[in-house]
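In: quick one, what's the 3D model for this:
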Amino acid sequence: MIKTITLNPSLDYIVDVDSFQEGMVNRTNHEEIFAGGKGINVSIVLKNLGIDNEALGYIAGFTGDEISKRVSKFGVHCDFVKLQEGMSRINVKLRSSKESEINGQGPKITPEDILHLNQKLDSLNDGDILVLAGSIPTSLPSDTYENIMSRLQGKGIKFIVDATKDLLLNVLKYKPFLIKPNHHELGEIFNTKLTSKEEIISHGKKLQKMGAENVLISMAGDGAILITSTGEIYFSEVPKGTLKNSVGAGDSMVAGFIAGFIKTNDFKEAFKMGVATGSASAFSEGLATKDKVYQLLEQLNDI
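Out: Okay, here's the model as predicted:
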């Protein structure tokens, strides 16, 4: 079983305005709504690749119902904790001559709600995968990821963590199976700017020494690097394609890696699938589809 956690999911409302004028009534020429959140993106892409999984987290109000409805339409099984008060957030992205975002806060989460989510996670067992992705809302303790991983220690669960700075550093003691910083996030962790592959690999290995088993580092248009628990280091350039939307590309890379590893139990093949899947989302208006992933996978034989 694979479960993903999105602690503060959203409805992402994306609007295009030809020439936005502050203080005036503006008309959109295009608008879309998506269910947003890093764990949700991982769940959707996994299902697009034929991998069953469960999406967990917290939802509230009519917006929460809509999030669950939209994720379910992709075939993902939703097992969110439904909060009694408040509403799941709406994030607005305004695209005009400049791009602006307004992100909502999200609902308040109580200690009882935390216990309810933990109980849903107790069904995980040896060989199962738990993906913890994204930030932690202010209504939750900052050590929420640590508490979850501590509670599940010793059960043989593969933890995959896609988080930044202290959120990532503080869980390394629980030896996550995979972490996925991008090269900017990796530099921020060590308060430095990384300008070469050698520097990126060196600092990725530092995270391994701190507890991570495998380190997958995305580098946007410069490709990706995988440092494995068995000592291999793989590098891949990105496949050829036109960048359309970088949102969700990193989450898609995580989903692709999981799908590839489940199917082959091979780090190199999982890495290739991760790169192809991340690129498939970057080259699409929405998240990666299976056809697009396998089309790009053909370009990655030389890793």
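
In: show me where the protein has strands.
Out: 2-6, 10-16, 30-36, 54-60, 77-78, 81-83, 89-95, 99-102, 129-133, 158-162, 178-179, 214-218, 224-227, 233-236 (DSSP state E).

In: output these in JSON lines, with distance to Ser43 appended to each entry.
Out: For glycine as for every other residue, the C-beta is placed from the backbone atoms N, C-alpha and C. Formatted as JSON lines, the strands of the chain follow (distance: least, C-beta to C-beta, whole Å):
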{"stretch": "strand 2-6", "distance to Ser43": "5"}
{"stretch": "strand 10-16", "distance to Ser43": "14"}
{"stretch": "strand 30-36", "distance to Ser43": "10"}
{"stretch": "strand 54-60", "distance to Ser43": "4"}
{"stretch": "strand 77-78", "distance to Ser43": "9"}
{"stretch": "strand 81-83", "distance to Ser43": "15"}
{"stretch": "strand 89-95", "distance to Ser43": "18"}
{"stretch": "strand 99-102", "distance to Ser43": "23"}
{"stretch": "strand 129-133", "distance to Ser43": "8"}
{"stretch": "strand 158-162", "distance to Ser43": "12"}
{"stretch": "strand 178-179", "distance to Ser43": "16"}
{"stretch": "strand 214-218", "distance to Ser43": "18"}
{"stretch": "strand 224-227", "distance to Ser43": "21"}
{"stretch": "strand 233-236", "distance to Ser43": "24"}
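
In: in CSV, list those strands along with distance to Gly248 and mean neighbour count.
Out: Formatted as CSV, those follow (distance: least, C-beta to C-beta, whole Å; neighbours: other C-beta atoms under 10 Å):
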stretch, distance to Gly248, mean neighbour count
strand 2-6, 12, 26
strand 10-16, 10, 19
strand 30-36, 9, 17
strand 54-60, 14, 25
strand 77-78, 18, 17
strand 81-83, 23, 18
strand 89-95, 13, 18
strand 99-102, 15, 10
strand 129-133, 11, 25
strand 158-162, 12, 23
strand 178-179, 18, 26
strand 214-218, 12, 25
strand 224-227, 15, 24
strand 233-236, 19, 17
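
In: TSV for those strands, including mean pLDDT?
Out: Below are these laid out as TSV (pLDDT from 0 to 100):
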stretch	mean pLDDT
strand 2-6	97
strand 10-16	93
strand 30-36	92
strand 54-60	97
strand 77-78	97
strand 81-83	97
strand 89-95	92
strand 99-102	89
strand 129-133	97
strand 158-162	97
strand 178-179	98
strand 214-218	96
strand 224-227	96
strand 233-236	95
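
In: out of those, which gets nearest to Val171?
Out: Closest of the strands of the chain to Val171 is strand 158-162, at 5.6 Å (criterion: C-beta to C-beta).

In: give me the angle between that closest one and strand 2-6.
Out: With axes from the mean of the first three to the mean of the last three C-alpha atoms, to 10 degrees defining the directions, strand 158-162 sits at 30 degrees from strand 2-6.

In: chain center to strand 158-162, what's the gap?
Out: Distance, stretch centre to chain centre, for strand 158-162: 10 Å (C-alpha atoms, centre = their mean, to the nearest Å).
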